[in-house]
Every structure is written in C-alpha cells, then in structure tokens.
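>>> need a structure here:
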Amino acid sequence: MAVLSEEQTMLRDMAREWTSNESPVIAWRKVRDADSPTGFDPAAYREMAQMGWAGIVIPESYGGSDFGWLSLGLVVEELGKTLTASPLAASAAAASAIVLGGSDAQKEQWLPRIASGELVATLAVDEGPRHDPADLKTSMSGGKLSGTKAFVAEGDAAGLFVVAAADGLYLVDGEAAGASRSRRKLTDFRSHAEVRFDGVDADKLSGGGDALLDQVLDRARVLAAAEMLGMAGQGFETTLAYLKQRVQFGQVLATFQALQHRMANLFSDIELMRSAVENGLSAIDRGGDTRQAALLAKTKANEVGHLMSREMIQLHGGIGMTDEYDAGFYLKRMRVLEAMWGNTAYLRNRFATLNGY
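Modelled structure (predicted):
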C-alpha cells in the first residue's frame, strides 16, 4: 500500500465522505433510470469540480492543483466504490495529452476550462470493437480531419475530443462543423458514443514526441484500473457482509470453511491489485517510462476485477442476479472497463513485446 501524505489522506477521506453521503449507489440508480445520453449527473460533477477534483493533474498555472496521479487515483477509487458516474477520469486523461503535448496557446485555451469543470474532454482513439491503437484510419487531408471513433467514453457530453489519428493526436472542438455523435448503449448504461469527424478543423498536439499516445494511454489505463480497484474492494466488503448475515442450512454462510477460503483468496488478490494500481499511479508521478507499470496495473485490475465481480454474483446466490440488488451493477461496469484501453490478452501481448518476446 502506498504511503500517503497528510494532504492525500485528507483528499481520500473527503472523497470517501462525499461519495458515501452524496453519491451512494442509489444515486447511480437514479442516473440509470433517467436514461440520459450523458450517463452522469451534471450537478454532481459540478460539485466535484468545486472541490477541485477536475484539476488535480492540471498545473497550477492553468487553474489546477497539480496534486499528482496517485491523488487523482484515490478519488477515482472512491467514486468506483459507489459506482458514481462522472467524466472525471476521461477529462483527466484528455487533459494529460494537452499537458504533455500541447503548446502554450493550446494549454491556455483548454486546461483552465477542464480544471474548472466547465468543459468535459475525452479521448477518441479506437475505431473498432477492440482496443487497437496501432490500427488507426483517421487521418488529416487538406487541413481537415476525417474518421470515425467507436465507443468514445463520455462522448455524448464532451466539448473537446483528443483524437488519435495515423500521424498523431489532434484537438477537435465538440461543436466543430463536421463533428457528429450518435449514442451507443452498453451494459453499464454510461456514455459510449460513436463520434464521426467529417472534414473537421483540428489542432495538432505537436509536443511529446512519437510516444505521446502511449503516454496518454498509460494514464487512461491506470485510471480505469483505479476505478476497478474501488469496485473490487466494495464488492468484497458487500459480499462479506452478506455472508455474515445470510443463514442457510441452519448456519450463517460465513461459518462454512469453503467460503472462508474463497473470501481469503479474494482478499489477497485485491491487495495485489492495489499494489499494482498504486505502483502504476506512482510511476506516472515519478516520470520516465511508465508503460510496463501501466500495463501491469490494468492487467491485474482486469484479472481480479473479473474474478471479484463474478464471485460477488455467485456468493449472493439468486438475489445477486436481480436488478433490485447492487451486485449486477458492479459486474456490468467491470466488464466494460475490462475491455476499455485493452483487454487482458492485448495487455499481456503488449507487455511481452516491450520485453522482447
């Protein structure tokens, strides 16, 4: 477990208190039932921005606090525990592209608005059903950008897209002529829009070198892993509480040794997951090559998140399959995050490639 500063501990505790009191799972149910294309509560996101969360990884000179990625990960983890829907992670990943590769003018134009919560930004990378940044057909021709991006997270509400093209990353205003979006409904009921760019004006991010997209994806992967960590931890606590009170065959389920062993194994797995995720976040804060740490964080999150969400359903028995209970929400969101920014097979293959295999 990472050693937190006093300020980081206060931030985590504030996020934990806010999510517990202001954004419990019942709040997500209301968002789900409202069936809004944005997939989140704008009022709740405004509160997050007022608390400074939208600017945690944005430099102070552009309206943020520059508090670091581990600090942001602590907040995202707490949001994951209660399934709080927000564009916080998507906007942070998009903002990182501008911080790493943007000009002074680009930073001045966009970062203060992201930090204040006024603007939702997001990454538009993948063009097919699976994550594959090596296969991009979006391109610039005659000074105009054209291409289609599938399943863009927070794409319905985004006012800024950071678009991955064959020759680099571009900034596209969400209201630009030629940019259009259509709603996609996935099992987690969040925003995953298909976004089309048909000859739009785009502003290239010229800094960061050839590895800019890799650096941005590292950050997106670790933030997804942080959310999965929160869900896995809460899934464990909820399941353990259920086993301690559910009586079957005249005994409390928690007294059965086989179930005790399963829960002990899950606890160990989640602690390993925490180590991998916090190492990934800390690696970004340290700087340098973050690729392996990010891949390990997301891979471990995929493996443990998949197992914990499945066990949550099974150990709850029949009630775990019902919409009235929360277990299904965790399972559905976890499966979407598993596929986002690389499924386990993709991540393992990329890790092997980086190590010369």
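>>> buried stuff in stretch 146-161?
146-147, 149-161 (16 or more other Cβ atoms under 10 Å). Heads up, the C-betas are built off the backbone N, CA and C, glycines and all.
>>> farthest pair in the residues you listed?
Between any two of the buried residues of stretch 146-161, the greatest separation by Cβ to Cβ is 22.9 Å, found for 146 and 157.
>>> Nearest residue to the middle of this structure?
The residue lying closest to the centre of the chain (Cα atoms, centre = their mean) is residue 224, at 3.2 Å.
>>> Show me which positions of the helix or strand harbouring that residue end up buried.
Using DSSP states H and E, residue 224 sits within helix 212-245. With burial defined by 16+ other Cβ under 10 Å, the residues of helix 212-245 counted as buried are 212-236, 238-239, 242-243.
>>> so how far is whichever helix or strand comes after it off the chain centroid?
Downstream of helix 212-245, the next assigned helix or strand under DSSP H and E is strand 247-248. Here strand 247-248 shows a centroid-to-chain-centroid distance of 37 Å under the convention Cα atoms, centre = their mean, to the nearest Å.
>>> who does strand 247-248 pair up with?
In the sheet, strand 247-248 lines up against strand 251-252 (antiparallel) (DSSP bridges).
>>> Any idea how far the helix holding residue 224 is from the middle of the chain?
Relative to its parent chain, helix 212-245 has a centroid offset of 9 Å by Cα atoms, centre = their mean.
>>> what about it, average pLDDT?
Per-residue pLDDT over helix 212-245 has a mean of 97.
>>> Report all helices and strands that it contacts.
Applying 3 or more Cβ pairs under 8 Å, 6 or more residues apart in numbering; DSSP states H and E, one finds that helix 212-245 contacts helix 69-81, helix 88-101, strand 168-173, strand 251-252, helix 257-286, helix 291-316, helix 327-339.
>>> Tabulate these (TSV), appending distance to residue 125 and mean pLDDT.
What follows is the helices and strands packed on helix 212-245, written out as TSV (distance: least, Cβ to Cβ, whole Å; pLDDT from 0 to 100):
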stretch	distance to residue 125	mean pLDDT
helix 69-81	19	98
helix 88-101	10	98
strand 168-173	9	97
strand 251-252	48	94
helix 257-286	18	97
helix 291-316	15	97
helix 327-339	13	97
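>>> Distance to residue 21 and mean neighbour count for those - can I get that in JSON lines?
JSON lines is the format used below for the helices and strands packed on helix 212-245 (distance: least, Cβ to Cβ, whole Å; neighbours: other Cβ atoms under 10 Å):
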{"stretch": "helix 69-81", "distance to residue 21": "12", "mean neighbour count": "27"}
{"stretch": "helix 88-101", "distance to residue 21": "18", "mean neighbour count": "26"}
{"stretch": "strand 168-173", "distance to residue 21": "36", "mean neighbour count": "21"}
{"stretch": "strand 251-252", "distance to residue 21": "30", "mean neighbour count": "11"}
{"stretch": "helix 257-286", "distance to residue 21": "24", "mean neighbour count": "17"}
{"stretch": "helix 291-316", "distance to residue 21": "24", "mean neighbour count": "23"}
{"stretch": "helix 327-339", "distance to residue 21": "19", "mean neighbour count": "21"}
